[in-house]
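Novice: I'd like to go over a predicted model; first the sequence, then the structure.
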Amino acid sequence: MLLAINPGGIAQSVPGTQTRDPAFGLPAIWIEPRTRDAAQVLGYTVVDCATVIATHINHLLLSHAGQLLGRQEVQALIDHIGKFAPKLVDDVVPKLIPLATMQRVLQNLLDEGVPIRDMRTIVETLADAAQRTTDATELTAQVRSALRASIAQTLFGMTRELSVIALDPELEKVLVQSVSGAGSDVPAIEPGLVDLIQRGAAQAAQRQEDMGLAPTLLVPDRLRGRVLSLYSLCWNMLPLGGLLAGVLAAAVSARFAVLVGGAVVAANALLFLASRRLRALR
């Protein structure tokens, strides 16, 4: 079996089992090898099962890179840059900021999908910013600003025009007032407004993807952290179960994948009921 992925804008289908690409959530179809040429002619991206699994695992690693970055890995990065700029590293870690703060800054960047390959720029920016603050969030903002060119290139390549999503002026005004009037670190945003923002973001992102563009939201700096936390709840949250079901459908059949999924749900239900009974007996 092969996976034919619809990159967006393809209306004509091919024979097979409808599914979604487990890495990026794009509509896809499990097809027979003999249908490969027909799918490619229509514009589908056709990949084999091994590529699907490898791509999904790579996506999972990138999505959780911040959690995987420990202090040992951070120390290795510092030691590497120290070979080329020893004085710079000695002046920053641990004199200005501790290793734990450096780790938190790098984790924040990775959680936002910002590459940390340019460690020299990161350390140089921290050397300047750490003289004013040692707060990891503030330091992350300074580093992110310093990496703006590489971030833009990652998202848009070498294009001269950037197509982005912007907040409605009235919505932006409401969000600013919510943040200003919260009186705490957690802005008071009504649940209804949160739902409106998330649904609007998902629709706007889908339109961008349908046009082959990277969904990029432009917000004021003071709203960035809060808006990011809201959108992270509805973006890039793809279940691993979709990959497993797709693999089973490819290896055996779609019916078998559904039966296995049902069996897993039934087993979990039985375990849940059994655990409740055991607790009752105790």
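Specialist: Okay, I see it. Every value quoted in this text rests on a predicted model; they were computed, and no experiment measured them.

Novice: which regions of the stretch 51-200 of the chain lie under the pLDDT threshold?
Specialist: Within the stretch 51-200 of the chain, the stretches with pLDDT under 70 are 181-188.

Novice: got the residue ranges for the strands in it?
Specialist: Along the stretch 51-200 of the chain, the stretches classed as strands by DSSP state E, counting those that start in this stretch are 165-166.

Novice: Could you list the domains of the protein?
Specialist: For the chain, automatic domain parsing gives the domain ranges 2-63, 66-155, 163-231.

Novice: can you put those domains in CSV and add mean neighbour count?
Specialist: (Glycine included, C-beta is placed from N, CA and C.) Shown next, in CSV, are those (neighbours: other CB atoms under 10 Å):
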stretch, mean neighbour count
domain 2-63, 16
domain 66-155, 16
domain 163-231, 14
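
Novice: mind listing the helices for the protein?
Specialist: Counting by DSSP state H, the segments of the chain that form helices are 36-42, 49-63, 65-68, 71-84, 86-92, 99-111, 119-129, 136-146, 148-156, 169-181, 191-210, 221-231, 240-251, 254-281.

Novice: Please produce TSV containing the ones you listed, extended by distance to Leu26.
Specialist: Shown next, in TSV, are the helices of the chain (distance: least, CB to CB, whole Å):
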stretch	distance to Leu26
helix 36-42	14
helix 49-63	11
helix 65-68	22
helix 71-84	31
helix 86-92	42
helix 99-111	23
helix 119-129	32
helix 136-146	28
helix 148-156	18
helix 169-181	28
helix 191-210	8
helix 221-231	19
helix 240-251	12
helix 254-281	18
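
Novice: Tell me which of these sits nearest to Gly9.
Specialist: Relative to Gly9, the nearest member of the helices of the chain by CB to CB is helix 191-210, separated by 6.2 Å.

Novice: Check which helices and strands the closest one sits against.
Specialist: Contacts defined by 3 or more CB pairs under 8 Å, 6 or more residues apart in numbering; DSSP states H and E place helix 191-210 against strand 165-166, helix 169-181, helix 221-231.

Novice: so can I have CSV of these showing distance to Arg199?
Specialist: CSV is the format used below for the helices and strands packed on helix 191-210 (distance: least, CB to CB, whole Å):
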stretch, distance to Arg199
strand 165-166, 13
helix 169-181, 12
helix 221-231, 11
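
Novice: nearest to Gln75, of these?
Specialist: Per CB to CB, nearest to Gln75 of the helices and strands packed on helix 191-210: helix 221-231, 27.3 Å.

Novice: Quick one: mean pLDDT over the closest one.
Specialist: Helix 221-231 shows a mean pLDDT of 75.

Novice: Contacts for stretch 170-177, please.
Specialist: Residues outside stretch 170-177 that contact it (CB atoms under 8 Å, 6 or more residues apart in numbering): Leu167, Pro187, Ile189, Leu193, Ile197, Val219, Pro220, Arg222, Leu223, Arg226, Val227.

Novice: Please give the centre-to-centre distance between it and its chain.
Specialist: 25 Å (CA atoms, centre = their mean, to the nearest Å).

Novice: Can you dump the C-alpha atoms of that stretch in PDB for me?
Specialist: Listed next in PDB are the C-alpha coordinates belonging to stretch 170-177 (Å, rounded to 0.1, in the frame of the first residue of the first chain):
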ATOM      1  CA  GLU A 170     -11.600  44.900  17.100                       C
ATOM      2  CA  LEU A 171     -10.500  41.500  18.300                       C
ATOM      3  CA  GLU A 172      -7.000  42.700  18.900                       C
ATOM      4  CA  LYS A 173      -8.300  45.600  20.900                       C
ATOM      5  CA  VAL A 174     -10.400  43.300  23.100                       C
ATOM      6  CA  LEU A 175      -7.400  41.000  23.700                       C
ATOM      7  CA  VAL A 176      -5.200  44.000  24.600                       C
ATOM      8  CA  GLN A 177      -7.800  45.200  27.100                       C
END
